[in-house]
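J.: Model the following, please.
(2 chains)
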Amino acid sequence: MVAWRNGDEKAFELLVPIIYDELHRLARRYMQRERVGHTLQTTALVNEAYMQLVRQRESNWQGRAHFFAASAQAMRHILVDMARGRNRQRRGGNVAHVALDDAVVFTPERASELMALDDALTALAELDPRKSRIVEMRWFAGLTIEETAEVLNLSHATVEREWQRARAWLAVELRKGAAEGP
Amino acid sequence: MTPERYQRINALADAALELPAEKRAAFLDEACAGDAELRAQIVELLAAQAGNDPLLDVPLLDVLAQDIAGTRPADLAGTRIHHYDVISRLGSGGIGEVWLARDVHLARDVALKLLSPVYAADPWHTRRFQQEARAASTLNHPNIVTIYEIGSADGVDFIAQELVSGNTVRLLLSGGRLPVSMVVDIGAQVAAALAAAHGAGIVHRDIKPENVMVRPDGLVKVLDFGLARFLERPSTVAAGESKNVSATRPGIVLGTVKYMSPEQARGLTVDARSDIFSLGVVLYEMLAGAAPFAGDTTSDVLAAILSQDAAPLSRVLPDTPPALEAIVAKCLCKTPADRYASAHNLRLDLERLLRRLEAPNQRTPSSNELLLARDARTQRLTAAVAPRQFTWRGATAIAIAVLLLVTALMVYRLRKPDSGAPFANMGMTALIIPGEVTSGAISGDGAWVAYLLNEGRGQSIWIRQLGTSRDTRIVDAEDGRHSGLAFVSGGAYLVYRRSMANGQFALYRVAVTGGAFARLKTNLGSAVAFSPDGARYAYLQIDPARRESRLMVAAVDGSGERTIDVRRRPRYFSRYALAWSPDGRYLACMAGNAESFTPDAFHLTTIRVADGQEREFRAHSWAAVNALAWPAQGGRLYFVASEGREDDFQIWSVSPDNGAALRVTNDLTNYAGLSVTSDGRTMLATEAVSSYELWVAPGGEAGRAAQVTSGGVRSFNGLAWAPDGHIVYSALAGRYQNIWTMDASGGDLRQLTTGPDNKYEVAVTPDGRYVVYHSHGAIWRMDRDGSHQQRLTWGRDDVHPEPSAEGKSVYYASFRDWAPGMGGHPTLMRVSIDGGQPTVISDIAASIPRVSPDGRLIACEYFPDLDPQFSADYAAVLNADGGEPTRVFDKLPSGRSSVSWAPEGDALEFATTGVPGNLWRVPLSGGPAQPVTSFRDNQIFGYAWSRDGKKLALCRGGTTRDLVLIHGSGE
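T.: Sure thing, here's the model as predicted:
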C-alpha cells in the first residue's frame, strides 16, 4: 500500500492507461460476441508496463518478481479506487482522483462486490500475507498458477493449494458480509 | 480473529484434507472438542473449498470487460436481433441484459432480454432458460409482464416481453418508506399476479423489490416469473452450494436471502405459500423502510428468517393500520400452513383494506371494483346501508354478468403434488347474490345452492341452479331468524330452522320445487342432522335444570323418537355441530368434558346410532364450533371452528379414522354455515367480514360525528374513555387482541400492550390510574401506560370488568358455573383493585355489570330463568352493594346491546344491534325508550360517553356476508 504510493508510483502511472486500453480492448471483443474465455493477456499487459519501465531505465526495481508483485498490488489499488470512486459519485460526491475515463463503468453491484472483496483481502493479508499476495497476482493481475509460482518463488503445488484455500476463505467471508446487502 | 486461531483453522483444515472424506468428521470432533464454533468454521471452509466456489474464477479485468460490454449501449443499438431492432440498453437483470427494441413486424416497442454470455455457453442453461420462459409466457394477467416471444437468433437467446415504463419498488424505496395506501395497493396487485401464476402452477420464487415495477398510472407489473429457478440460487446455509451461479455475481445472488421464506432457506421444496412469505417481506420493507429479517451475515439473516419474529410493524411505524399489521404478520408466519392458504385470499384482504383506506364513505364502486364479488359486498359494507330498492330483474342481470367474470377470474387451482389432502389446493368463488344473504347450502350433487335472504320484513329462501344464476324464491319472507338451511333426501327437500319467540327454534321442511311445506318440530334447541335418506333426524335435547344434553333421533313425522346418548355435566355436546355419517350408522358431534369454558372445549366424537357407543378423537380441539358436515365421499368431516379468539372461525377438516385435523382456510375472515357436496370436493360456506371504525360524536349528534380511525380497528372489543380525554380500546395487534389508546381525534395512537394474550373489554378507573380488562378468563389491571400488568382474579371464567366509582374495586361477572353446550348462570362479583378474595354481590343470574355515575347503583343483564342461553334477557338495576334487583326492565326491545348508564345517571342506555345502529335511553323513572342518536347507516359495536358526558365515542361498522364456493383440486 505504502510502497506504490512512493517509489512505485511509476508503476501506477504506467499501468493506468494500459489497464484502460486493455479493458476496452476486451470489452470490444465481448461486444462483438466473441467467446473471450480465458484469453485475457494480463501477463502481456503487465509485461508491457515492465518493458516500458526497463526501457526508461528509471527503475530501482529488483527485477521482474518484485515488479510483478508491485504491479498486481497497484492494479488492485487502481481498480478498487475506481470502484470506490464510483461509489462516492453515486452518493453525490465529486471525486475524480483516479484519472480514468469514466467510460470504465463499475456497476453498483460490481463496485460493492469489489470493495467487499478488497476488505476481506485486507483482513486476510494481516493473517496470511502470502495468500493475499497470491490472490492479488491471480485475480487482480491475472497471472497463472505457474507465473505466480515463478514470481513468488514457490512450488506450483503450494500456490495451487494456497490459492484454493484463499478462495474458500474469501468465499466464506464474503458470504458473511453479503447479508448486509448492497 | 487472532492469528493463532487462523492458523489453527488452517492447520486443522489441512489435516482434515489429508484424511479420507469419511474420517474427517470424527477427526474434527476430536480435534475441536469443546469448541463448536471452531469446528463450524472449519467445516464451512472445507465446504467452500470442496464446493469449488466459482468466486475469483475469472480474473477481475475480464469481469470488468464483460461489464463494460454489457453497459455500453452503442454496441447492440442499431443492430437487429431476429425481427427486433435494438434501440438502447435498459439495464441488466439476473440472467442478462435488457434492451429496448422495436418489433418490426408488429411495430411495437418491447423489452428484449438477452441471456448473458456467461450462461449462453452452457447448453443446460440455454435449455432451462427456454423452458422456464415458456411456462411463464402462458401467464396472461394485467399485473404480470407479458412475454411475447422466446427465441434464439444468431446464437443469442432472447425473451421479448412487454415494455413497462415505471420504477421498481427498489428504486421507490431508495427514497425511504412508502405511504401506507400505496403499499397496500402495490401488495394487492402483486398478490393478484401471484394468484394468477399459482393457478397456472408457477411459483415465482424470487419476489423482491427489484422484481416489482410500478407504472406511473399505478399499475403494478411483476417481472421474471419462473426465472428464479433458472438461477438455482443457493438454497441452504451450507457452504459450497452456489453451483451454476455466475462466478462474478455473488452479491446479487446472496442479496436476495432477505426475501427467502423459511422453507426456501432450508432448501426444502417451495410452493405458492413461499411467494406469500416473500411478498410479506416486501410489504414489511415498503412500510418500515427496512426488511424485517436482518443480520450482519447471510447466516444471521437466514437464522432470523428461520427463527425470529419480525419486530411488530406498529412499533416501527406506529401509524400502521392494525389490519395491515395483521395481514403482514399472517404472510410472515414461519409455518406455511399458518400463512394465507392462497395469494387470492391475501389479495382480497389487501383490497378490502385499501378501499377502507381510500374511501371510507364512498358510495359508488369504481369499475374494476365490480370485478370481484366481494367488492360488491365491501362496498355495501362501507357505504351507507340504506334500504335496498333495487329492481330484482336488473340486479340479477348484472349479477349474471359479474358472476361469469368472477368465475373466470377466481376459479383457479394450485398444483402442489406433495400433498394429498383434499382442499390442500383450493380455489374460491364468491357467489353474487343480489341482496343481503345470511347463509346458504349446496346440494349433494353440487348443482344447486339455496340461500337465505334478508328482505326488510323478514327472511326468504331462494334456490339457484349453479351456472345459471336463475334464482327462484321458494319460501316468502317470514319473520324470525332463519338458520340451519340444508338439502336433504338427495336434494328433494330443504330444511331450515326458524327462531321462535321463546328463543328456541322450529324445524321446517319444504320441497325444492316450493311445495310440501311442513313444520317438523318446535322447541328445538340445537342443530339438526338428517340421515342420508332423509327419513330421520338427530338433535340435542337440553335440560338446563339437570345439566343434561340428550342426543335424540326421530323420524321426520315425529314418530320413533329415542335417546341415543346422554351427557351430563361436566361432559357435553356442542349444540351447533351435528352430522350423520354417509352410511347412516354414526352421528358425529363436537363434544367435550370440562367444568367450565376452556379454549380446548370441543373435539370430534362419533356415536354409533345403534347403541350410542362413543368414540372420541382428542388429537385436536377447538374453543368453539359452528357447523359440521360429513360428505359421502372423501373420508373426512368438515366443520367451522375457532381455536381461541372469538372471531377466528375457519374451516377445518378432520378424519373420522384417526381424528387428524387439517386447516382448510386460514384468513382474516370468519366462516359459518358449511355444507359439502357428496363427492367431498366442493363446499359452500358463509363468509363474514366485519369492519370497525371509531367515531366521536359531540353531544351524541350523528350529524357531527367524525370518524377518527381509517381502516384502523380490527376485531374491535370494547372501548372506554380515560379522564385525560383519550380513548382506550381493545383491537387486534398482529395476531392477538391488545389494548390501544388514541386521543379523541384519532391522533396519538399507541399500542399499550403486546404479547400473545388476547385482552378484551377495557375499562378505565375514574382516577385514570388503571386500565382493567379480561384475559385468559381472568380480570387484570395495568397502569394507564400499559405497564405493571397484574392479575386480579383466579376464577375459571371471569369477564366484563367494571371499576367502581371510587376506583377501589372492580365488578365483574363470573361464568364459573357455566359450561359450553350446557350453560349455567353467571354471577356478579367484586374484587379489590389490588386483587385478593373476590366476593359475590348478588345471587341472581346476571352479567355485564355497569356502575352508575354516582357509584350507588349497578345496571346489569338479568336472566330470570337463570341460564342466559334459554332465559329471557332483561335489564335490571340493583344496589351497588348487591342484593336483589330494585328495578327490572322487561319491556326492552330485542336486538339490543347490553345496558349502560346515561351520563346523567337518570336513564339506562342501549344500542340497537341492527342497521342502522342507534343509541336509545330508557328513563329510570319509567316510560318508553327514546332515541338518542340518529345514525342512518352502520351497526354499533360499542360506545362510551366521556366522563363529562359531552362526547360519545362509538365503534361503528358493518358485517357483510357472502356465500363462497370452495373447490378442492382433483387428486
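
J.: pLDDT of stretch B:189-202, averaged?
T.: Averaging pLDDT along stretch B:189-202 yields 88.

J.: how far out from the middle of the chain is it?
T.: Centroid separation for stretch B:189-202 versus its chain: 19 Å, with Cα atoms, centre = their mean, to the nearest Å.

J.: How about residues contacting it?
T.: B:135-136, B:138-144, B:203-204, B:207, B:212, B:219-222, B:225-226, B:272, B:275-276, B:279, B:282, B:342-344, B:346-347, B:350, B:412-415, B:427 (Cβ atoms under 8 Å, 6 or more residues apart in numbering or on different chains). C-beta: built from backbone N, CA, C; applies to glycine.

J.: From those, which land in strands?
T.: Using DSSP state E, the members of the contacts of stretch B:189-202 that fall in strands are B:212, B:220-222, B:427.

J.: and which of those is nearest chain A?
T.: Within the ones in strands among the contacts of stretch B:189-202, the smallest distance to chain A is 16.8 Å, found for residue B:212 (Cβ to the nearest Cβ).

J.: who's in contact with residue B:581?
T.: Here residue B:581 is in contact with B:532, B:587-588, B:606, B:630, B:656 (criterion: Cβ under 8 Å, 6+ apart).

J.: Nearest to chain A among those?
T.: residue B:656 (48.4 Å).

J.: ok, that closest one - contacts?
T.: B:581, B:586, B:588, B:604, B:606, B:617, B:630, B:635-637.

J.: cutoff 10 Å now
T.: Residues counted as contacts of residue B:656 (Cβ atoms under 10 Å, 6 or more residues apart in numbering or on different chains) are B:579, B:581, B:586, B:588, B:604, B:606, B:615, B:617, B:630, B:635-637.

J.: so where's chain A shaky on pLDDT?
T.: A:1-68, A:85-107, A:177-182 (pLDDT under 70).

J.: Number of residues surrounding residue 152?
T.: As the question left the chain open, I've gone with chain A. Neighbour count for residue A:152, taken as other Cβ atoms under 10 Å in any protein chain shown: 19.

J.: oops, chain B please
T.: The burial count for residue B:152: 15, using other Cβ under 10 Å.

J.: which secondary structure element contains it?
T.: According to DSSP states H and E, residue B:152 maps onto strand B:147-153.

J.: List the buried residues for the next helix or strand after that strand?
T.: Downstream of strand B:147-153, the first helix or strand assigned by DSSP H and E is strand B:156-162. Within strand B:156-162, the residues scored as buried using 16 or more other Cβ atoms under 10 Å in any protein chain shown are B:156-161.

J.: Is chain A within reach of strand B:156-162?
T.: Yes - contact of strand B:156-162 with chain A (Cβ under 10 Å from any Cβ of the partner chain) involves residue B:156.

J.: helices and strands around that strand, which ones?
T.: On a contact count with 3 or more Cβ pairs under 10 Å, 6 or more residues apart in numbering or on different chains; DSSP states H and E, strand B:156-162 meets strand B:80-81, strand B:96-103, strand B:108-115, helix B:117-120, helix B:123-137, strand B:147-153.

J.: and those, which one is worst for confidence?
T.: Mean pLDDT, when computed for each of the helices and strands packed on strand B:156-162, is lowest for helix B:117-120, at a mean of 58.

J.: Could you tell me the end-to-end distance of stretch B:451-468?
T.: 15 Å (Cα to Cα, to the nearest Å).

J.: circling back: whichever of the contacts of stretch B:189-202 end up buried, select them in ChimeraX.
T.: Restricted to buried positions by 16+ other Cβ under 10 Å, the ChimeraX selection for the contacts of stretch B:189-202 reads:
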select /B:135,136,139,141,143,144,203,204,207,212,220,221,222,225,226,272,275,276,279,282,342,343,344,346,347,350,412,413,414,427
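
J.: would you turn the buried residues of strand B:156-162 into JSON lines with pLDDT and distance to residue B:266?
T.: Shown next, in JSON lines, are these (pLDDT from 0 to 100; distance: Cβ to Cβ, whole Å):
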{"residue": "B:156", "pLDDT": "71", "distance to residue B:266": "37"}
{"residue": "B:157", "pLDDT": "77", "distance to residue B:266": "32"}
{"residue": "B:158", "pLDDT": "84", "distance to residue B:266": "35"}
{"residue": "B:159", "pLDDT": "86", "distance to residue B:266": "31"}
{"residue": "B:160", "pLDDT": "88", "distance to residue B:266": "36"}
{"residue": "B:161", "pLDDT": "87", "distance to residue B:266": "32"}
